[in-house]
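In: Provided below for reference: sequence and predicted model.
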Protein chains: 4
Amino acid sequence: MSVNTFGRVLRFTTWGESHGPAIGAVVDGCPPGIALTEADIQPFLDARRPGQSKYTTQRKEPDQVRILSGVFEAPDGKQRTTGTPISLMIENVDQRSKDYSEVAKAFRPGHADYAYDAKYGFRDYRGGGRSSARETAMRVAAGAIARLIIPEVKILGWVEQIAETPVLYSRFDEQEIARNPFFCPDPETVPAWEKVVDEARKSGNSVGAQVACWAEGVPAGWGAPVYGKLSADLAAAMMGVNAVKGVEIGDGFAASMTTGDANADAMRPDADGKPKFLSNHAGGIAGGISTGQPVTCRVAFKPTSSILTPVETITSDGEATEIRTKGRHDPCVGIRGVPVVEAMMALVLADHKLLHRAQCG
Amino acid sequence: MSVNTFGRVLRFTTWGESHGPAIGAVVDGCPPGIALTEADIQPFLDARRPGQSKYTTQRKEPDQVRILSGVFEAPDGKQRTTGTPISLMIENVDQRSKDYSEVAKAFRPGHADYAYDAKYGFRDYRGGGRSSARETAMRVAAGAIARLIIPEVKILGWVEQIAETPVLYSRFDEQEIARNPFFCPDPETVPAWEKVVDEARKSGNSVGAQVACWAEGVPAGWGAPVYGKLSADLAAAMMGVNAVKGVEIGDGFAASMTTGDANADAMRPDADGKPKFLSNHAGGIAGGISTGQPVTCRVAFKPTSSILTPVETITSDGEATEIRTKGRHDPCVGIRGVPVVEAMMALVLADHKLLHRAQCG
Amino acid sequence: MSVNTFGRVLRFTTWGESHGPAIGAVVDGCPPGIALTEADIQPFLDARRPGQSKYTTQRKEPDQVRILSGVFEAPDGKQRTTGTPISLMIENVDQRSKDYSEVAKAFRPGHADYAYDAKYGFRDYRGGGRSSARETAMRVAAGAIARLIIPEVKILGWVEQIAETPVLYSRFDEQEIARNPFFCPDPETVPAWEKVVDEARKSGNSVGAQVACWAEGVPAGWGAPVYGKLSADLAAAMMGVNAVKGVEIGDGFAASMTTGDANADAMRPDADGKPKFLSNHAGGIAGGISTGQPVTCRVAFKPTSSILTPVETITSDGEATEIRTKGRHDPCVGIRGVPVVEAMMALVLADHKLLHRAQCG
Amino acid sequence: MSVNTFGRVLRFTTWGESHGPAIGAVVDGCPPGIALTEADIQPFLDARRPGQSKYTTQRKEPDQVRILSGVFEAPDGKQRTTGTPISLMIENVDQRSKDYSEVAKAFRPGHADYAYDAKYGFRDYRGGGRSSARETAMRVAAGAIARLIIPEVKILGWVEQIAETPVLYSRFDEQEIARNPFFCPDPETVPAWEKVVDEARKSGNSVGAQVACWAEGVPAGWGAPVYGKLSADLAAAMMGVNAVKGVEIGDGFAASMTTGDANADAMRPDADGKPKFLSNHAGGIAGGISTGQPVTCRVAFKPTSSILTPVETITSDGEATEIRTKGRHDPCVGIRGVPVVEAMMALVLADHKLLHRAQCG
């Protein structure tokens, strides 16, 4: 029931505040015998790391992860998971807490400031404390371990739309995603996004984005009925990411505007008598259980709440004031959301793989 | 970790298949001393009950709920909850299992048939077995109990759009919702929906719908950080409802297309120094914790998968075939989704009320 | 976190009061494809059933179990588990609530009466309500299903001591256990127990007992470190049974009075290089994980608290009074504890079998 | 379901191996606003710390705990809990892994070596890895936080018996417990224990012990029925401590040897009409719920399995061998079990305090 833990069988718990000494995660339930070193995790953290282009926050965090437990040299000489909890830690380096002194007294609209104060009576206001997106670094680290549990699955995320500009899927190029600072699969959309994000950045404003994620290789049968649905767990996983306000599986809201015959995913037998689906409106999930098609979802990120435009707000003493959120912020938080969305997809799928074999052997 | 249980502190477990002898739920964690009889639950079941208009399935189920445990006559003479598990049961009456014989052999596209077989090796094919929307009757029953735990909260759901026809919010009339068979808050939209649903019904087709839900009176401070977010729990709750493919909190996907200054929910102090918000783009939740504004969400229901149009599919032996899903079905499953969405909202909020007082007293 | 649910992967939730209309359980997480009918459960309920000899309570309950969900005719024509929740129900028949009217006003010493009132404000006082040992019928029913999940394991329980009279292990005869009303493995001890229990019964008094339980065939590797220890889960399972006040694994308290060399379970390789243990002081568990030896435990049942001797107590109004617990009670509640202890052993082992395969494949 | 997490509402997860770089715990669910610094935790760690007398292991660990998250300067200037996860870490200093090279190849009888290998395929053999009692340092640290959640409760543990020598309760002196290296409440028993432990130490042998623990000030009403019993949670908590083989609540096994009238805890009304109990055979718990009396338990620790006497065992290759467990070990592991037992008592009680207020306000 821990509210800082995610998962059913593969469970990870994160801890740490944006400007505390460190952040960390404990990953429990990982199968033993999986080769694992920091080098398996670091590339995913690097993809999420701040300060890599002018389109993301300028906070410089090396985000060097350390594995503090749960691995040991196996008889084959490789460092492998032992089946015990894997403790991961990243030290916070570039904290600059002085940037946030004003926030101590006034609630930033759109942030968790007021809600935390209402709940807990006070809060660690430095950089958002526990509510900072910095916590997502640990999801990415845990997700890197989850990927090793599901080597049969390929996970791919990308930005699908920034503000009102979508990618053109006829130009989708998987290789392009890693080549630009927007995780954009369409090279011709990149310049438009550069413009919209740069304008937001320069004017102290921010923009929203939509992220798509796709998991190929998920066998039929992962997931569970009713309250353990793969779709429901994905929805919780994605809606729990900072700044997310919407989640779709498969066609999502578009499905609600169509008819049953248009939405049916017809099947034909393949050579082995297994179904070959003629479409994937369902996003690879039926009745909460995977069908063997790619599992697809779409995630809506709101614009970063930290903006330089003054907004009316109140102080913790209940006085009217205005606030401009100085400091270093992502003008489009959805961009760096891509590695986080991929990580949550990996974590949910790995968890359901283990859950499935618990019940169904 | 039970996949048939929902909730953290207030937990309910459902059981039963569409065409088994009965369906039921066990609600655990309910505070003691709450006045509760079947009459507190029945009206919500009646609102969801099938067979009430030509726009819903013609299966006739009285859906009479029985309380089998967890209540007792209190010293004041009223039947009250005792703090022990509340067992609820509804007997299945109008099962007509013969309607489903064809389904035993072929997988209905869009249904859980193939996924269940892939997971479990075989399945109860009568009426979808466990994957039937009949299970949601128990969510509605459990939700009625949840409402009694949060008397300070008013929950209101309605259909916002059927296929491509939305309601016009300038004509929103809360009283109207209960007056028409569509839970439609706009009387002038009703005829258009009658037409689209009736056409779908007559042609053996189906249509999707969007349901909105709104909870007023939620105090600031319910919810929890990171993996216990009110928004994430709502997303799981809603995405776990049969036929749901998308969930939004507050402005949802629309937020992802806008800018930070347009999306900010500015605050002014009220007479007590508490915030009066000037807008509610966030849907009453910030950082996963309620802000005191109405909690709002929107849920996308796909069109009912059961249609009379023949669709290509395969048999359990891996042969090609076609299937027309005969039997009695909702032409627009989203309509009867309204009481279910309301119930899930009540269950999530009641759970977080109790969770909040566990930690914060 | 439900306090009426037990287990990690195989989870069961019980509901019902001693004198309500019925009691029941929902068993979730059971693997699919296991042949299961009421006839697989009933014999275990019959072994626990009250009213079978003068040494147990005279309440007559047929304890006929019904399976309401989670099973279906498999392709081989047998009724098998489907992987969905199995709902079990037993109707209460012989309730005689009038016997308990006095209890409504005064707290019976040793019973849960005062504690329930202190916690919940009032209570279902009829026959102890939720705190009645009648609830253990559902553990026995759930345990019967658990046994089917672990066919490799043979579970055997017996009474080891009543009041101050132990069995003599040199005369241990497994076949004898089912032949007498005491689950006594030593025919020569039976007359002594007849005498002590009969004297207690006639004088309106009661006696305590110790129950031993032994599980053979548990492979090495079930259990988990630190907080998922097989031993800890067994301890919780047993201490949660009504009237239990002590639990031992292996040598238990005797181990605390000895030395390391006397307590060591030395090993020799068998023909396959697997360990053959020379003793089993540890009760088949090391570091919380099974070693392949028989898992053994011992459980202490206090004397039934319901006695005819008047005992000082207070009323719910805080007045001094005396109470004699009339009604029909077991003079030695430990006797009928044997099937319950066996059931809990089966449930813990089945749960850990599934948990083990979740993590370790 | 994490097997490295304990608790229902107040949950803590530990990580780390005996000879890894560090050990740690994440405590989640702690109420906000509690004054907390390392100085509140350190004294309890110091009480458990190894190397303080010749009667415990000579490993020298400073056991300096660091708080890495979950606290912040409150408006009153004090460092207080924020309601977010509290991460605790202790660096391992005195590891001497070379001592354990022989253990890599042979299984130490009584240790988890063989069971871990059977479960996970290989193991961190240095100092027992995850199965080392070193992990209990984190329980003590978490327990120190739990104590702050239940200031109304006074917890007191002591050693009650070493090998066959019990304390004499007529000489019980609470102040004495902290004055000798055995947590012995009876000064006249100390010399006898010195002798028995010293003899064991010198001969490379070890002895078992019994620890008693007592919690005063627990109000009536904590705990929960059936599977959330305070007694069952205590049993799991205690049986999960390294080397524990038995747990008793109240009179425990002695209760099983007596009669109902001798075991009844009669009540008289006090001035407020609340019960004043005339005895406490039940150990302060009835029906799984606290009665307001002191909660009492007794815990049996087996003799340390690490002994210098050669014992027959097998190698990981299945060959016969003998092993003498060199290294630094406690000749009587039960002694240092006292702070651990106290910590587990505090953790269970704090958890149930929060759980109680979740349901009962």
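Out: That came through fine.
In: now chain A against chain C: closest residue?
Out: residue A:358 (3.5 Å; C-beta to the nearest C-beta). Any C-beta I mention is one placed from the backbone N, CA and C, and that applies to glycine too.
In: just confirm that residue is within a strand.
Out: No: under DSSP: H, G, I helix; E, B strand; the rest coil, residue A:358 falls outside any strand and is assigned helix.
In: out of everything not next to it in sequence, what's closest to it?
Out: Take residue A:358 and drop its neighbours on the chain: the residue closest to it by C-beta to C-beta, 6 or more residues apart in numbering or on different chains is residue C:358, 3.5 Å away.
In: count the residues that sit near that neighbour.
Out: 25 (other C-beta atoms under 10 Å in any protein chain shown).
In: ok, it - contacts?
Out: Listed by C-beta atoms under 8 Å, 6 or more residues apart in numbering or on different chains, the contact set of residue C:358 reads A:9, A:29, A:354, A:355, A:357, A:358, C:9.
In: all strands of the stretch 101-250 of chain A, in order?
Out: With DSSP state E, counting those that start in this stretch, the ranges of strands along the stretch 101-250 of chain A come out as A:154-162, A:165-166, A:209-216, A:244-249.
In: show me where pLDDT drops low in the stretch 201-350 of chain A?
Out: The model of the stretch 201-350 of chain A has pLDDT under 70 over residues A:327-328.
In: contact residues of it facing chain C?
Out: residue A:225 (C-beta under 8 Å from any C-beta of the partner chain).
In: helices of the stretch 201-350 of chain A, start to end?
Out: Using DSSP state H, counting those that start in this stretch, the helices of the stretch 201-350 of chain A run over A:230-239, A:260-263, A:337-360.
In: count of neighbours near residue A:52?
Out: 15.
In: actually residue A:161, sorry about that
Out: Quick note: residue A:161 (other C-beta under 10 Å) scores 21 neighbours.
In: repeat that for residue A:309.
Out: 17.
In: report the separation between it and residue A:104.
Out: Between residue A:309 and residue A:104 the computed distance is 21 Å (C-beta to C-beta, to the nearest Å).
In: that older thread, deepest-packed of the helices of the stretch 201-350 of chain A, please.
Out: helix A:230-239 (a mean of 29; mean count of other C-beta atoms under 10 Å in any protein chain shown).
In: near chain D at all, it?
Out: No: legend: contact between helix A:230-239 and chain D by C-beta under 8 Å from any C-beta is lacking; minimum distance shown is 14.0 Å.
In: tilt between that helix and helix B:230-239?
Out: Using axes from the mean of the first three to the mean of the last three C-alpha atoms, to 10 degrees, the direction of helix A:230-239 lies 160 degrees away from that of helix B:230-239.
In: and helix A:230-239 with strand B:244-249, angle?
Out: Using the same axes, to 10 degrees, the inter-axis angle of helix A:230-239 relative to strand B:244-249 is 20 degrees.
In: helices or strands up against helix A:230-239?
Out: With contacts taken as 3 or more C-beta pairs under 8 Å, 6 or more residues apart in numbering or on different chains; DSSP states H and E, helix A:230-239 sits against strand A:244-249, strand A:295-301, helix A:337-360, helix B:230-239, strand B:244-249.
In: on that earlier part again, and the contacts of residue C:358, which two are furthest apart?
Out: A:29 and A:357 (12.1 Å; C-beta to C-beta).
In: which one of the strands of the stretch 101-250 of chain A lies closest to residue A:124?
Out: That would be strand A:244-249 among the strands of the stretch 101-250 of chain A, by C-beta to C-beta, at 22.2 Å.
In: is that closest one anywhere near chain B?
Out: Yes: Strand A:244-249 is in contact with chain B by C-beta under 8 Å from any C-beta, via A:244, A:245, A:246, A:247, A:248, A:249.
In: just the CA coordinates of that strand, formatted as CSV?
Out: What follows is strand A:244-249 as a C-alpha-only set of coordinates in CSV (Å, rounded to 0.1, in the frame of the first residue of the first chain):
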residue,chain,number,x,y,z
VAL,A,244,0.7,13.8,-17.4
LYS,A,245,-3.1,14.5,-17.8
GLY,A,246,-4.3,11.9,-20.2
VAL,A,247,-3.6,8.3,-21.3
GLU,A,248,-4.9,6.3,-24.2
ILE,A,249,-4.5,2.7,-25.0
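In: got the contact list for that strand?
Out: A:231, A:234-235, A:238-239, A:282-283, A:285, A:295-302, A:337, B:231, B:235, B:239, B:245-253, B:255-256, B:282-283, B:300.
In: ok, now with 6 Å
Out: The contact list for strand A:244-249 (C-beta atoms under 6 Å, 6 or more residues apart in numbering or on different chains) reads A:231, A:235, A:238-239, A:283, A:285, A:297-302, B:235, B:245-250, B:252-253, B:255.
In: same check on stretch A:192-208?
Out: So stretch A:192-208 is contacted by A:55, A:162-163, A:165, A:182, A:301-304, A:307-308, A:331-332, B:255-261 (C-beta under 6 Å, 6+ apart).
In: and with 7 Å instead?
Out: Outside of stretch A:192-208, the residues within contact range by C-beta atoms under 7 Å, 6 or more residues apart in numbering or on different chains are A:55, A:162-163, A:165, A:182, A:184, A:301-304, A:307-309, A:331-332, A:334, B:255-261.
In: thanks again, I'm all set now.
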